[in-house]
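Q: structure here, sequence nowhere to be found:
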């Protein structure tokens, strides 16, 4: 298994550390997170709630680890990156953001958006960058230059 070190500050490739860890030394919550993710991917659970119930895991633990622990084969064949955005709450901002990401050749794996509070919303995107047609730094610059984007952070990446 590959376990990534998660941080809320912006990370450069040089700042990130990844470890190859045997499954038997992983905490139970990480193993159950992997099981729940696999159930969802294979259609054995229709929702996160159903998957975590089946593997006896709290939803908070699932969300804590879902973007930081991956089966080794997933990381090897896909280039994953997770971005965290602070956005102004305006009509159409998410669709504009997604359009720019898609036009760069990224495949959007997951989207999580908080309920907007005080005119701001947080969005987390997990992207497969293996089909990117632009440099990641150029994409980040374009995203940061969108008038409704207050901040973009790289939470983690793999492979």
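A: Yep, it's here. What you see is a predicted model; the values in this text were computed from it and never measured. Residues are numbered from 1 along each chain as shown.

Q: from here on, just use CA atoms for contacts and neighbour counts.
A: Will do.

Q: from residue 127, how far out is residue 54?
A: Look at residue 54 and residue 127: by C-alpha to C-alpha, to the nearest Å, they are 27 Å apart.

Q: higher neighbour count, these two?
A: Set residue 54 next to residue 127 and count neighbours by other C-alpha atoms under 10 Å: residue 127 wins out with 22 against 15.

Q: assign a three-state SS to residue 156, would you?
A: strand (DSSP: H, G, I helix; E, B strand; the rest coil).

Q: my guess is it contacts residue 79, does it?
A: No: the criterion here is C-alpha atoms under 8 Å, and residue 156 misses it with residue 79 at 11.0 Å.

Q: which SSE is the residue nearest the centre of the chain in?
A: With distances taken as C-alpha atoms, centre = their mean, residue 126 lies nearest the centre of the chain, 3.1 Å away. With elements taken from DSSP states H and E, the one containing residue 126 is strand 120-128.

Q: let me know the average pLDDT across that strand.
A: Across strand 120-128, pLDDT averages out at 93.

Q: okay, buried residues for the following helix or strand past that strand please.
A: Past strand 120-128, further along toward the C-terminus, the next helix or strand under DSSP H and E is helix 136-144. Across helix 136-144, burial judged by 16 or more other C-alpha atoms under 10 Å covers 139, 143-144.

Q: look at residue 70 and say how many residues are nearby.
A: Using other C-alpha under 10 Å, residue 70 has 20 other residues around it.

Q: surely it touches residue 32?
A: No: in this structure, residue 70 is not within contact of residue 32 by C-alpha under 8 Å, at 11.6 Å.

Q: what about the strands in this structure?
A: 2-4, 18-20, 69-70, 80-88, 107-113, 120-128, 149-158 (DSSP state E).

Q: quick one: which of those strands is nearest residue 96?
A: Residue 96 lies closest to strand 149-158 among the strands of the chain, at 10.7 Å (C-alpha to C-alpha).
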